[in-house]
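>>> sequence plus the predicted model coming up.
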Amino acid sequence: MSAIIFDTETTGNDPAEIIEAAWLKVDNPNDLTVTEHYEARFKPQQKISLGALATHHILDEELQDCPPASDFSLPDDVQYIIGHNIDYDWNVSGQPRVKRICTLALARHLLPFLDSHSQSALIYYFDRKNARERLQKAHSALADVHNCRLNLLALFDCLYEQGRQVPSDWETLWLLSEQARIPTTMPFGKHRGQLIAELPRDYQDWLLRQDGLDPYVKQAVLQSRQN
C-alpha cells in the first residue's frame with residue numbers, strides 16, 4: 001500500500017486553486033522512511049488573495065511560466081494521504097479516491113491539553129530547541145511535509161508513552177485517525193463544548209436532519225444514541 005505525506009499552498013480564494021504542491025512517499029509507519037519526494041508550482045486562473053500571499057509569500061508573477069493548476073494530480077498508486085488538516089489539501093486536489101490520515105485530528109486526540117494544535121505549535125511543543133530553525137520555511141509545501149513527518153513520529157511517541165499500540169500499517173493508522181476525528185463535545189452551536197452524549201434528544205434529532213452536517217459530528221451523535 002502506498003502512502004504520501006502531502007501539502008499544498010493555494011490562492012486562498014473560494015474555490016481555491018493549488019499554486020504549490022509537495023509530497024513525500026514514505027514506507028510503513030514504523031519509521032516513515034522517505035523513498036521519494038515531489039515539489040512543483042502551478043499557475044492559477046485567479047489572483048492569489050492577500051491573506052494567502054501573507055501566509056506563503058508566493059507571488060503571482062513568479063508563477064507565469066508554470067503549468068496550469070488544473071494539471072496537478074496525485075500519483076496513481078497512492079492509497080493514503082497524510083497531512084495536517086488534510087481535508088483542505090484533499091478538497092483543493094479534487095477529492096481523489098484516497099483515504100485521509102489527519103495529523104491535526106491525531107494531535108487533538110492525543111494531546112487535548114494543548115492550547116493550540118497547529119503544525120507550528122506542535123513543533124514548538126515537540127522540538128522547542130530547533131523549532132525556530134524548522135519554521136523558517138514554514139508554509140513552503142515541501143518544508144511543511146517534512147515538518148509533518150517529524151510531528152507524526154513524535155505523535156507515535158505519544159502513543160507509546162500512553163501505553164497504546166503504535167500502528168504498524170497504514171490501514172490501522174487511518175482507522176486511528178478516523179476515530180480521532182469523532183468529537184466528544186459539540187464543536188459549534190448553542191451547545192458548543194457540551195458532551196455530545198449529553199445533548200438533549202430533540203437537539204440531536206434536529207442535528208441529524210441538517211443537510212451538510214459534518215459526517216464525524218453525525219457519527220458521534222449516532223454512536224451516543226446506541227449507548
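Yep, that arrived.
>>> which parts of the chain are helices?
Along the chain, the stretches classed as helices by DSSP state H are 50-56, 86-92, 103-110, 119-126, 131-134, 141-161, 170-181, 201-208, 215-226.
>>> mind checking which of those helices is nearest Thr33?
helix 141-161 (9.9 Å; C-beta to C-beta). Where you see a C-beta, it was placed from the backbone N, CA and C, and this is true even at glycine.
>>> give me the residues contacting the closest one.
5-9, 20-24, 26, 29, 32, 34, 37, 39, 82-84, 103, 106-107, 110-111, 119, 122-123, 126-127, 134-135, 137-138, 165-166 (C-beta atoms under 8 Å, 6 or more residues apart in numbering).
>>> can you check stretch 206-222 too?
Residues contacting stretch 206-222 (C-beta under 8 Å, 6+ apart): 181-184, 186-187, 196, 199, 204.
>>> how does it look with 10 Å?
105, 178-189, 191, 195-197, 199-200, 203-205, 225 (C-beta atoms under 10 Å, 6 or more residues apart in numbering).
>>> for that stretch, what is the average pLDDT?
The pLDDT scores in stretch 206-222 average 91.
>>> ends of that stretch, what's the gap?
Distance between the boundary residues of stretch 206-222 (C-alpha to C-alpha, to the nearest Å) amounts to 12 Å.
>>> repeat that for stretch 50-70.
22 Å.
>>> same check on stretch 101-120?
18 Å.
>>> so what pLDDT did Gln179 get?
pLDDT, Gln179: 94.
>>> next, count neighbours for it.
Counted by other C-beta atoms under 10 Å, the residues lying close to Gln179 total 13.
>>> is it in contact with Ile101, as I believe?
No - counting by C-beta atoms under 10 Å, Gln179 sits too far from Ile101 to count as a contact (11.6 Å).
>>> now Thr10. Nearest residue, chain neighbours left out?
Of all residues not flanking Thr10 in the chain, Ala16 sits nearest, at 3.9 Å (C-beta to C-beta, 6 or more residues apart in numbering).
>>> quickly note the distance from that neighbour to Ile82.
Per C-beta to C-beta, to the nearest Å, Ala16 is found 20 Å from Ile82.
>>> where in the chain is pLDDT low?
1, 227 (pLDDT under 70).
>>> please repeat the previous calculation with a cut-off of 80.
Along the chain, segments meeting pLDDT under 80 span 1, 137-139, 227.
>>> what domains does the record give for it?
Annotated domains of the chain cover 2-181, 182-227 [automatic domain parsing].
>>> OK, contacts around the residue nearest to Thr10?
Ala16 touches 8-10, 44, 46, 48-49, 52, 69, 88, 91-92, counting by C-beta under 10 Å, 6+ apart.
>>> please apply the same query to Thr55.
9-10, 12, 48-49, 138-139.
>>> out of the contacts of stretch 206-222, which are buried?
105, 178, 180-183, 186, 191, 196, 199, 204 (16 or more other C-beta atoms under 10 Å).
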